[in-house]
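>>> Pasting the sequence and the predicted coordinates here, then a few questions.
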Amino acid sequence: MFRQARRRAWEHKVHYVSSLGAYCVNSYNKRQVRGYGDQCANSFISRQMAMAHFEQRYWCYRNDANNMFHVPWPAGTQGKTALPYDEPQSDDATFEMGDTTRARIRRRPPTASQMSSPKRQLTPAPAQMYTSIQKLEISQVTFTQKEPRTENFTSWFCVNDCEALLRRGNTLVMKIVLSSALSGRYTISLTFVPSYRPRDRFGQFRAKGVAQNKSDLWLSIEIPPNFPVGKYNPHISIALESSDDVLTHFHSKFIIVLFNPWNTGDDAYVEDEAVTRECLTDDVGTIWRGTHRQMTPLLWEYGQYEESCLEAALSLLQSLTADECRSASSVSRAIVARVNSRDGMGVLLGSFAGKHASGMHPCRWNGSAPILQRFYRTKTPVRYGQCWVFAGVVVTLLRALGVASRCVTCYEAAHQSARLMHVDRYFTADGDLIHDASSDNVWLYHVWTEAWMRRSDLPSGYDGWQVLDACSSERLGGTQRIGPCSVVAVKEGLLGKQWPYDGEFVQSEINSEIRYHRVTPTAGNVKNAKCVLALVQQGQVGLKIITATSKRGTPADITENYRHELIDSKAHVTSANTTPVKTKGCTFELCTSDEAALGDNITLNIKIHNSGSLMRTVDGRVVGKAVYYTGAAVKNFMSMEFAGVVAPGKDSTVTLPIAAKSYMKVLTEQCLLQFFLVAKVRESKQLYLKPHNFQLCPPRLEVECPASINEGSNVKVKLKFKNVLFTSLSRLLFLVQAQGLCPQREIVYRRLALPGGVAMAEFSIKAQKKGKFIFLASMSCDQLADVRGWAEIDVVPVQATPTTQTTPIRQSTLTKQATPT
């Protein structure tokens with residue numbers, strides 16, 4: 001009979017079988033239990049009587065229709081929160097409760113004498129065994145935030161199935177509606193169960209009270225400033241002091257807890273309100289690229305309030321423990337590690353070799369939200385990104401979690417694997433650099449992230465801005481990441497294990513020296529050739545470090561935050577597009593056109609000044625090549641020699657014209673060129689080496705839209721691009737988006753753009769939200785990849801009269817209907 005009970009229990013998906021019987025509740029949630037066994041075959045008993053057969057320490061509940069949880073209740077812990085299991089135990093019971101979540105009653109098991117008689121088994125439990133709580137059910141549970149949500153910007157997030165979204169230090173109000181009135185002393189327990197790890201319990205709050213025929217119970221909870229950030233399912237239990245029965249409820253909707261930069265007890269607290277506005281609440285900012293003489297702004301939409309961005313940030317914290325989720329430094333380090341997907345487990349995959357056929361070209365992205373939305377939807381890495389894309393995504397994730405952050409650009413950033421504080425470069429006697437001779441390189445610019453936080457793991461005085469880099473060229477700690485590294489520690493030169501994390505690499509990026517080695521013979525093979533150290537240059541790395549400000553188009557120079565002023569810095573701070581080199585008797589200055597557009601001829605001027613008292617004869621060579629922003633060369637397009645005699649105290653200028661046709665065939669996506677100057681004075685045998693980086697101005701993409709429009713009206717947006725090149729453009733693709741108004745949209749231009757012709761695209765959207773928005777657009781084709789444009793639009797309420805002139809956009813550029821403090 002017992003074997004038959006086991007077999008039937010398996011058919012009915014019952015996990016509890018004993019000599020007393022096997023019990024189940026069918027999927028239709030009927031209040032009947034079928035019992036099998038030698039004492040109760042083919043008999044129906046009440047649900048309360050069936051549950052009484054189980055031991056006192058067991059309890060079960062179900063979250064939804066697809067997930068079953070088995071919760072033990074250890075003996076002697078009445079009224080405490082239970083711990084869910086992923087797999088059923090041998091003596092646990094499983095109840096299918098349908099699609100709704102309902103509270104259940106725990107009962108003491110009957111004695112053996114009570115179960116000895118079949119007649120006694122069919123008799124329902126006596127009325128005196130029930131208490132007032134047994135007849136109750138939790139009808140509704142709601143969570144609200146005491147503080148106005150507009151004050152901490154939590155109302156601007158677009159999150160699905162979220163009951164409450166609050167910051168640490170805020171007050172959470174819980175309202176419980178019972179099916180009938182409750183009387184007596186009671187204890188309410190609220191436990192935060194992580195949605196991604198049900199075994200853990202990150203926090204439990206209890207409150208006692210006395211109810212007098214009340215069906216509504218209220219509980220106000222102040223979230224501690226060090227509470228672990230994350231996504232939780234609340235578990236509620238209500239117990240009466242006069243009874244051993246406990247009423248439980250597992251809430252299906254989530255509660256999200258974020259960092260609070262307005263709370264002084266939080267690790268992410270920011271005292272300056274201007275920093276909070278610019279580096280936390282703004283969802284549009286500027287990322288700087290180009291060269292240190294031609295700094296080019298890139299308007300970037302962070303979009304931390306958009307759909308799936310916050311969910312993506314929370315999903316990256318699944319591997320952290322409760323203590324790690326309390327610290328802003330641990331959370332930011334985990335975010336940086338998961339953004340880079342070199343191991344195939346992160347958000348974004350990098351590509352720096354110019355081959356992007358299997359994904360999106362990094363220059364096409366206009367913001368972080370489309371990247372995070374695609375990653376959260378597909379759970380696979382997005383292809384592709386480069387340093388500014390990585391930095392923008394990290395800023396979006398940190399701002400969504402409540403950590404103030406910003407993008408920082410370092411021009412002439414050294415990248416070398418050995419961390420020896422020097423970069424080795426090799427050149428031939430003809431003055432041509434050998435790029436494949438060493439893995440060391442100097443990037444024209446490199447973008448990383450700064451985050452503001454308190455560092456409790458460091459001595460006092462090292463709080464504030466911390467360096468975070470998800471696009472590190474070195475594998476540190478098994479992961480492509482850097483930071484958080486204190487900017488103050490970098491400036492003071494503090495290295496070692498006591499100063500985490502990865503400060504040596506950050507210092508090598510901005511303080512390395514450059515060593516030039518002459519290779520003879522000119523075979524290009526450094527291993528078999530003879531190398532002689534020809535020149536050592538200091539102060540040529542980390543020339544300028546800038547970040548964005550509230551004034552669009554105006555950067556803030558923060559170089560002094562990273563290092564002290566160089567002694568010979570005056571030798572390197574010059575006017576636009578000039579590169580001076582000082583020697584014992586001569587000064588060299590390489591000049592190019594200030595703003596040469598793509599397709600224009602370039603004039604290269606070499607100014608030589610003889611400050612000595614003797615005549616000097618100079619022989620030199622200039623080699624021009626197209627390069628990527630990482631400093632990697634594509635192909636040489638020119639090589640010119642020059643010679644001249646300079647009188648004492650006089651100047652001499654060498655002019656070298658460069659035709660546009662010479663560089664157009666080898667140009668890269670960001671229109672970057674590098675001229676390498678090698679000069680030698682015959683009399684003094686002095687050697688002079690200097691690279692000069694130059695960026696051509698790409699053509700602009702015109703975005704036309706009305707300056708102001710009524711809410712609910714249709715907006716027509718027109719994109720125009722004029723081909724200024726000498727060749728036709730093929731496979732044109734327009735990408736446009738406006739955060740909060742228009743999601744990312746691709747428009748394919750299916751015709752050739754002839755030389756001098758205009759390619760146009762037009763689309764229409766409905767302005768469903770009021771506010772000020774920015775349309776960001778980019779155009780790419782087989783010949784060009786970094787053509788951009790933008791336009792502003794103001795959506796006003798219907799009762800207001802739209803203006804005809806463009807209104808300056810406010811600093812926050814947020815698209816939600818709220819007023820920042």
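Yes, it's here. Keep in mind that what you see is a predicted model, and the values were worked out from it rather than measured.

>>> where along the stretch 151-300 of the chain do the helices fall?
Taking DSSP state H, counting those that start in this stretch to define them, one finds helices in the stretch 151-300 of the chain at 273-276.

>>> same question, the chain
2-11, 47-51, 112-115, 118-122, 273-276, 309-315, 322-326, 328-339, 369-378, 387-401, 487-492, 503-511, 660-664 (DSSP state H).

>>> contacting residues for the spatially closest residue to residue 762 that is not a sequence neighbour?
Nearest residue to residue 762 in three dimensions, chain neighbours excluded: residue 718, at 4.8 Å (CB to CB, 6 or more residues apart in numbering). (Glycine included, C-beta is placed from N, CA and C.) Shown in contact with residue 718 (CB atoms under 8 Å, 6 or more residues apart in numbering): 703, 704, 705, 760, 761, 762.

>>> who does residue 718 bridge with?
Listed beta-bridge partners, residue 718: residue 704, residue 762 (assigned using DSSP bridges).

>>> What's the local residue count around residue 460?
Close neighbours of residue 460, defined as other CB atoms under 10 Å, add up to 7.

>>> And the pLDDT at it?
We have a pLDDT of 90 for residue 460.

>>> Next: residue 730.
The model reports residue 730 with a pLDDT of 93.

>>> Now it: closest residue in space that isn't a chain neighbour?
Nearest one to residue 730, counting by CB to CB, 6+ apart, is residue 782 at 5.1 Å.

>>> List the residues that contact that neighbour.
729, 730, 731.

>>> buried subset of those residues?
Listed as buried from the contacts of residue 782 are residue 729; burial here means 16 or more other CB atoms under 10 Å.

>>> So which of the contacts of residue 782 are in strands?
Residues of the contacts of residue 782 located in strands (DSSP state E): none.

>>> With distance to residue 687 added, can I get the contacts of residue 782 in CSV?
Listed next are the contacts of residue 782 as CSV, based on distance: CB to CB, whole Å:
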residue, distance to residue 687
729, 44
730, 46
731, 47
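
>>> Alpha carbons only: can I get stretch 442-458 in PDB?
This file holds the C-alpha atoms of stretch 442-458, laid out as PDB (Å, rounded to 0.1, in the frame of the first residue of the first chain):
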ATOM      1  CA  VAL A 442      50.600  56.400 -27.200                       C
ATOM      2  CA  TRP A 443      46.900  56.900 -27.900                       C
ATOM      3  CA  LEU A 444      45.900  60.300 -29.300                       C
ATOM      4  CA  TYR A 445      43.200  60.400 -26.600                       C
ATOM      5  CA  HIS A 446      41.700  58.000 -24.100                       C
ATOM      6  CA  VAL A 447      38.400  58.300 -22.300                       C
ATOM      7  CA  TRP A 448      37.800  56.800 -18.900                       C
ATOM      8  CA  THR A 449      35.200  57.400 -16.100                       C
ATOM      9  CA  GLU A 450      35.400  59.200 -12.800                       C
ATOM     10  CA  ALA A 451      33.000  58.400 -10.000                       C
ATOM     11  CA  TRP A 452      32.600  60.300  -6.700                       C
ATOM     12  CA  MET A 453      32.500  58.200  -3.600                       C
ATOM     13  CA  ARG A 454      33.700  57.800  -0.100                       C
ATOM     14  CA  ARG A 455      36.600  55.300   0.300                       C
ATOM     15  CA  SER A 456      36.300  53.600   3.700                       C
ATOM     16  CA  ASP A 457      39.100  51.100   2.700                       C
ATOM     17  CA  LEU A 458      41.600  53.900   2.300                       C
END
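
>>> can you pull the contacts of the closest residue to residue 641 other than its chain neighbours?
Nearest residue to residue 641 in three dimensions, chain neighbours excluded: residue 621, at 4.9 Å (CB to CB, 6+ apart). By CB under 8 Å, 6+ apart, residue 621 lies in contact with 430, 431, 639, 640, 641, 642, 677, 678, 679.

>>> Make a PyMOL selection of the buried ones in the residues you listed.
Buried residues within the contacts of residue 621, by 16+ other CB under 10 Å, are selected in PyMOL with:
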select buried, resi 431+640+642+677+678+679
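
>>> Closest one to residue 712 out of the contacts of residue 621, please.
Closest approach to residue 712 among the contacts of residue 621 (CB to CB): residue 677, at 60.7 Å.

>>> if I look at the closest one, how far off is residue 345?
45 Å (CB to CB, to the nearest Å).

>>> Next, count neighbours for the nearest residue to residue 483 once chain neighbours are set aside.
If the residues on either side of it in the chain are set aside, residue 483 comes closest to residue 468, at 3.9 Å by CB to CB, 6+ apart. Other residues near residue 468 come to 30 when the count uses other CB under 10 Å.

>>> I'd assumed residue 394 was in contact with residue 468.
Yes. Between residue 468 and residue 394 there is a contact at 6.0 Å, judged by CB atoms under 8 Å.

>>> Next, show the common contact partners of those two.
Each of 335, 336, 405, 449 lies in contact with both residue 468 and residue 394 under the rule CB under 8 Å, 6+ apart.

>>> could you dump these to JSON lines with pLDDT, distance to residue 305 and neighbour count?
Putting the shared contacts of residue 468 and residue 394 into JSON lines (pLDDT from 0 to 100; distance: CB to CB, whole Å; neighbours: other CB atoms under 10 Å) gives the following:
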{"residue": "335", "pLDDT": "95", "distance to residue 305": "17", "neighbour count": "26"}
{"residue": "336", "pLDDT": "93", "distance to residue 305": "21", "neighbour count": "30"}
{"residue": "405", "pLDDT": "97", "distance to residue 305": "15", "neighbour count": "28"}
{"residue": "449", "pLDDT": "97", "distance to residue 305": "19", "neighbour count": "29"}
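
>>> Farthest-apart pair in these, please.
Greatest spatial distance in these: 336 and 405, 10.8 Å, computed using CB to CB.

>>> which residues make contact with stretch 382-393 from outside it?
287, 289, 298, 300, 302, 339-341, 347-352, 356, 358-362, 365, 367-368, 371-372, 374-375, 407-409, 443, 446-449, 469-471, 629.

>>> Apply 6 Å and report the result again.
287, 300, 339, 348-351, 356, 359, 362, 365, 368, 371, 374-375, 407, 446-449, 470-471 (CB atoms under 6 Å, 6 or more residues apart in numbering).
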